[in-house]
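# structure, please.
(one chain, ligands or ions: 1)
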Amino acid sequence: MSASLPRPSRPSIGPPTVALPALPIGKTRKSTGGLSVPISRSMPTTPKTGLRAPSTTLLPPATPAPTTALPTPRAVSGINTAGRTIRKTVSINSFPQPPRGEGRVSSLPPSPLSAGASSRKAKTPTTPTYQFSNGTPSLLNGTGEGKLVARLTGARNSDGLISVSSPPQSRSSSAQDSYSTSATQYEDLVDVAQQKLDASASGKRASKLDGKGNVIVSVRVRPDAAGSDKTEGGEWMMDGKKSLISYQGKEAGDYYYDNVFTTNDDNSRVYDHSAKRLVRRVMEGYHGTVFAYGMTGTGKTFSMQGTASSPGVIPLAITDIFSYIRETPSREFLLRVSYLEIYNEKIHDLLSMPTGNGIGPSQMEEIKLREDSKRGVYASPLKEEIVQSPTQLLRVIARGDQARRTASTQFNARSSRSHAVVQIVVESRERVPGNPAGDSKRQGLPPGGVRVSTLSLIDLAGSEKAAETKERRQEGSHINKSLLTLGTVIAKLSDSKDKDGKPADKDGKHLPYRDSKLTRLLQGALSGNSLVSILCTIQIGSAGSVATANSHTTETLNTLKFASRAKNNIVSHAKKAEEALGSGGDGGARVLLERYRMEIQELRKELDTQAKNNTKKETEGEKDRDEEEEKAREKKAVERHEEQMLEMQLARTALKERIDHLNRLILSSKSRGVNASGSFSSLGIRYSQTSVRSSMATSNGGRPVLERTASLTSTASTIGRKSSSHRSSGVAEPPVAVEDDDSLGEFGDGTASVAAQNRALQADLADKNRYIQTLEKRLLQARRASSSRTSVGLTSGKGIMVGEDHSVSALIKEKDAEITELRARLDDKDKMLAALRSAARSRDNADRVESRADARTESVRASQILDSNPGPPPTANPGSPPTAQMARQGFNIRKQAKSDDEMSKMLDEMIQDRIEAGHIIRGNRGSVRVAPDRKESSSSEPPIQLQLLSRQRTSVAAEPPKPPVVLEV
Ligand SMILES: Nc1ncnc2c1ncn2[C@@H]1O[C@H](COP(=O)(O)OP(=O)(O)OP(=O)(O)O)[C@@H](O)[C@H]1O
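Now for the predicted structure:
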């Protein structure tokens with residue numbers, strides 16, 4: 001069987017460098033592809049030359065459908081009309097699988113989704129490929145791959161080619177995070193269907209499982225720089241449908257891979273077939289590594305990053321990551337991203353570097369690779385940024401791209417001079433609905449803990465033959481060295497272990513991972529802990545093209561050989577990461593999701609405590625504010641009260657002063673009276689006496705004088721007593737209080753001179769003026785206090801507008817009225833003075849008459865005689881003869897006596913009325929006094945006007961009638 005297999009053309013193609021070991025003969029897969037049937041021994045042993053379509057004779061016979069229970073090929077092919085279905089089917093099953101028995105021992109643990117270990121046997125180099133066609137189940141080619149491969153194999157048998165069309169481009173080409181794909185949902189359906197198939201056929205597949213299916217190797221052919229991708233007539237032939245590249249040149253051979261992307265395939269297709277499933281597995285908890293390998297300028301960066309119109313693997317993976325998160329509500333995720341480059345064998349953190357080319361990282365801390373039993377090999381210290389959206393993630397990566405070193409080389413105007421590694425760490429945890437943020441650490445933990453997986457997306461620097469400048473040469477040297485080490489490690493990969501159980505080459509020697517930073521960093525992926533997808537890029541020039549002329553062929557062949565070795569040697573036994581409880585998993589404190597959850601709990605607690613404290617403080621604050629307001633209110637009330645008290649005090653003082661003043665007035669009147677006569681104490685009385693006498697002498701009535709007197713005494717009473725209205729009527733209501741033993745003398749011995757009275761009245765006037773001034777001052781003060789306290793204040797020309805205290809305005813009004821009244825009284829006094837002056841003049845005249853009359857006593861007697869014999873009254877004509885004049889004077893005296901009698905009579909009547917009314921009581925000696933019950937209500941000091949009246953009356957009554965003037969004839 002092996003003899004009939006086409007011989008690999010390895011000897012002539014050879015590894016790119018001498019360090020690379022020769023490919024094991026049995027591992028060459030270039031003629032086996034993904035075909036599922038053993039290749040006939042009659043197959044040609046030498047590759048065909050020139051362009052050729054894969055010969056059907058090279059194709060293995062169709063594998064019979066495994067079971068009748070499986071879907072019929074027609075059922076699958078019947079979905080040809082549905083592009084998506086076809087695409088998915090092909091993408092799952094078109095991966096060529098490594099041949100069994102390629103020297104990889106069957107002691108490998110089964111693939112995570114496999115039911116058992118591989119039953120591969122070592123196979124001879126002559127039978128390298130036909131085992132592939134059974135479709136080794138793997139994480140990256142679906143779960144029901146065995147059945148589907150069988151179907152597809154049948155399809156292939158029908159026409160010799162995998163008749164698939166390119167998948168419809170369902171992705172919108174946006175440079176941002178808006179890529180949408182329907183593939184994920186569709187894949188879910190496929191997965192469900194395949195899981196059912198798995199369940200029924202797991203037993204049959206068990207013997208065919210190994211880790212090969214977890215490694216996908218794809219080759220992408222870049223279009224010719226001249227735009228010509230025609231290879232007809234040249235040495236190269238590409239068949240994307242067969243995943244085949246044939247070379248017809250010196251080292252002719254056919255190379256089959258998991259995928260061959262021709263120049264017509266775009267980035268979207270490349271991603272869908274080479275990385276999409278891996279990305280999904282990463283989201284499920286597996287580690288995954290995708291890297292692009294190839295000669296400089298062949299499209300590694302183009303494939304990994306893409307362009308705005310044609311996003312590459314990295315942006316499409318990011319889109320799918322977030323799509324997966326959206327479609328998996330049962331779990332919660334946390335993403336963190338780091339971006340490093342290996343430049344000249346030094347690691348730099350692209351997220352911590354200033355952007356822009358050519359900026360030296362000298363100031364940056366050197367990043368070293370460390371190894372951890374759980375994390376494997378990792379770079380430290382490395383900045384990791386937590387991202388929450390595709391846009392954010394793309395921005396972070398774009399920032400790293402800016403910092404990455406690029407330079408113009410012979411083959412690439414913007415050649416990457418470093419290996420760049422984007423690492424996305426996915427933490428996920430089962431979401432427990434309604435799980436409260438518990439107090440204890442364990443309470444908030446979901447049952448499954450946190451799962452951590454890593455997706456590494458690596459854009460390697462391109463190998464190059466020679467460089468023009470020293471710097472480029474140095475860079476190229478480091479690049480080539482690391483790539484050589486990578487090739488060496490991959491070439492030496494085997495399932496062998498050393499005595500310590502560590503991976504070793506076939507001879508039991510250690511693998512040289514430490515020979516370069518790149519291999520050291522990729523150690524985990526290469527040693528089988530990760531799902532791996534390798535995208536090798538080549539550029540095939542047509543005959544006579546630049547690529548051909550530049551001896552790209554050798555480099556291309558080297559790349560193809562590298563890809564073949566990778567596919568054959570790398571065995572991945574990636575396992576789903578264990579879910580770590582607490583912070584114990586994945587390198588201890590690395591599980592940020594859990595740490596964040598704890599932190600969130602702590603912060604929530606803190607927040608609650610703060611909220612409680614705030615509420616407490618607010619309550620206390622409100623209380624304090626209330627108390628302060630209350631205090632302020634009380635203070636204001638006290639102030640207002642004090643102001644009111646002050647005003648009242650002012651008013652009281654004013655009133656007191658007024659009372660004092662009036663009392664002074666009274667006393668001064670009395671004192672003047674006493675001083676003047678030693679026995680007469682009342683101005684009013686004195687004045688009454690005078691007025692009575694003057695009125696008797698000068699007028700007929702005397703009533704006006706009495707009224708005037710009453711008015712004056714009423715004024716005094718108003719000042720000195722509370723009630724004055726009833727007294728103002730003077731004679732009408734005399735609460736007379738006359739002492740029995742009245743000490744006041746008769747009007748003859750208590751008189752004061754008119755001049756003294758005038759002086760007293762003028763002094764009164766001055767006092768009253770002063771008092772008025774004082775009152776006005778007080779009034780002004782009260783107005784000022786009022787205006788400062790009220791908000792309204794004084795409005796011009798409108799007097800006081802008191803907003804809140806009407807008592808002040810009432811007080812002011814009252815004072816105004818008082819002032820007016822006092823002014824009126826002053827006027828009265830003025831008038832009274834005038835009256836007194838005139839009375840004084842009258843009295844003087846009367847005195848003169850009296851003195852003349854005294855000189856003629858005899859005449860008086862004569863007058864008495866005349867009285868008994870009435871005759872015509874004497875005239876007062878001064879020019880008349882003395883006898884006649886005296887007769888007239890006698891007549892006047894009689895008239896005066898008559899008036900006195902009338903007045904006395906009138907007063908007697910008044911007193912009698914009062915006695916009858918019970919107001920006063922008549923004394924033993926004819927005096928009167930206030931009734932006891934009246935005394936209580938009245939003042940101890942009888943009203944002045946009543947004193948006056950009573951004394952007038954008493955004096956008039958007690959006075960013996962003056963002897964009539966006797967005129968001597
Ligand atoms: N499949 C493709 N279709 C169209 N243009 C491509 C394709 N692949 C590469 N190119 C173009 O080729 C040029 C070089 O590509 P790129 O920089 O990706 O190569 P590289 O392998 O990354 O090179 P290096 O190793 O030097 O960085 C770019 O201008 C890119 O646009």
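# report the spatially nearest residue to residue 553, omitting neighbours in sequence.
Using C-beta to C-beta, 6 or more residues apart in numbering and skipping residues adjacent in sequence, the residue nearest residue 553 is residue 249, 6.5 Å away. For the C-beta atoms, the positions are set from N, CA and C on the backbone; glycine is no exception.
# just checking, what packs against the lengthiest helix in the chain?
As assigned by DSSP state H, the longest helix anywhere in the chain is helix 592-677. Counting contacts by 3 or more C-beta pairs under 8 Å, 6 or more residues apart in numbering; DSSP states H and E, helix 592-677 packs against strand 331-343, strand 419-430, helix 683-698, helix 703-720, helix 754-789, helix 806-854.
# spell out which parts of this protein neighbour the ligand.
222-223, 294, 296-302, 409, 412, 414-416, 461-462, 537 (C-beta under 6 Å from any ligand atom).
# among the residues you listed, which are in helices?
Those of those lying in helices (DSSP H): 300-302.
# got these as a markdown table, with neighbour count and pLDDT columns?
Shown next, in a markdown table, are these (neighbours: other C-beta atoms under 10 Å; pLDDT from 0 to 100):
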| residue | neighbour count | pLDDT |
| --- | --- | --- |
| 300 | 28 | 91 |
| 301 | 24 | 91 |
| 302 | 19 | 93 |
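# pick the one among those residues closest to residue 653.
residue 301 (103.6 Å; C-beta to C-beta).
# can I assume the residue nearest to residue 553 sits in a strand?
No. Residue 249: not assigned to a strand; according to DSSP: H, G, I helix; E, B strand; the rest coil it is coil.
# count of neighbours near it?
Counted with other C-beta atoms under 10 Å, residues neighbouring residue 249 total 19.
# go ahead and confirm it touches residue 540.
No. Residue 249 lies out of contact with residue 540 (C-beta atoms under 8 Å); the separation is 10.9 Å.
# need the overlap of contacts for those two.
Residues touching both residue 249 and residue 540 (C-beta atoms under 8 Å, 6 or more residues apart in numbering) are residue 236.
# what sits against the closest residue to the ligand within the stretch 401-550 of the chain?
Proximity of the stretch 401-550 of the chain to the ligand (C-beta to the nearest ligand atom) peaks at residue 462, 2.5 Å away. By C-beta under 8 Å, 6+ apart, the residues touching residue 462 are 294-298, 300, 411-412, 415-416, 479.
# okay, and which of those map to strands?
294, 415-416 (DSSP state E).
# how about residue 350, phi and psi?
Residue 350 adopts backbone torsions of phi -70, psi -20, taken as degrees, to the nearest 10.
# ditto for residue 454
Per degrees, to the nearest 10, the backbone of residue 454 is at phi -130, psi 140.
# and it, how far from residue 224?
Plainly put, residue 454 is 37 Å away from residue 224 if you go by C-beta to C-beta, to the nearest Å.
# residue ranges with poor pLDDT in the stretch 301-450 of the chain?
Residue ranges of the stretch 301-450 of the chain with pLDDT under 70: 354-365, 407, 409-411, 413, 433-448.
# still on that earlier bit, only whichever of the residues of the chain next to the ligand are buried, select them in ChimeraX.
Selection command for ChimeraX covering only the buried members of these, criterion 16 or more other C-beta atoms under 10 Å:
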select :222,294,296,297,298,299,300,301,302,409,412,415,416,461,462,537
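# SS state for residue 289?
Going by three-state DSSP: residue 289 is strand.
# what's opposite it in the beta bridge?
Beta bridges link residue 289 to residue 456, residue 532, judged by DSSP bridges.
# from the ligand, how far off is it?
18 Å (C-beta to the nearest ligand atom, to the nearest Å).
# wait, what's in contact with that residue?
455-456, 458, 522, 525, 530-533.
# tell me which of these is nearest to residue 841?
Distances from residue 841 to the contacts of residue 289, taken by C-beta to C-beta, are shortest for residue 455, at 136.1 Å.
# the closest one reaches residue 282, doesn't it?
Yes. Counting by C-beta under 8 Å, residue 282 is a contact partner of residue 455 at 4.3 Å.
# overlap of the contact sets of these two?
288, 321, 424, 426.
# now, the most widely separated pair of these?
Farthest pair in the shared contacts of residue 455 and residue 282, by C-beta to C-beta: 288 and 321, 11.0 Å.
# those two: which has the busier surroundings?
Per other C-beta under 10 Å, whichever of residue 288 and residue 321 has more neighbours is residue 288, with 31 against 22.
# next one: that one from residue 577, what distance?
From residue 288 to residue 577 the distance is 11 Å (C-beta to C-beta).
# which residues do those two both contact?
residue 453.
# list phi and psi for residue 246.
phi -110, psi 140.
# how near is it to the ligand?
Residue 246 is 20 Å from the ligand, by C-beta to the nearest ligand atom.
# partners of that residue in the sheet?
residue 237, residue 254.
# where does the stretch 251-400 of the chain get nearest to the ligand, which residue?
For the stretch 251-400 of the chain, C-beta to the nearest ligand atom, closest residue to the ligand: residue 299, 2.6 Å.
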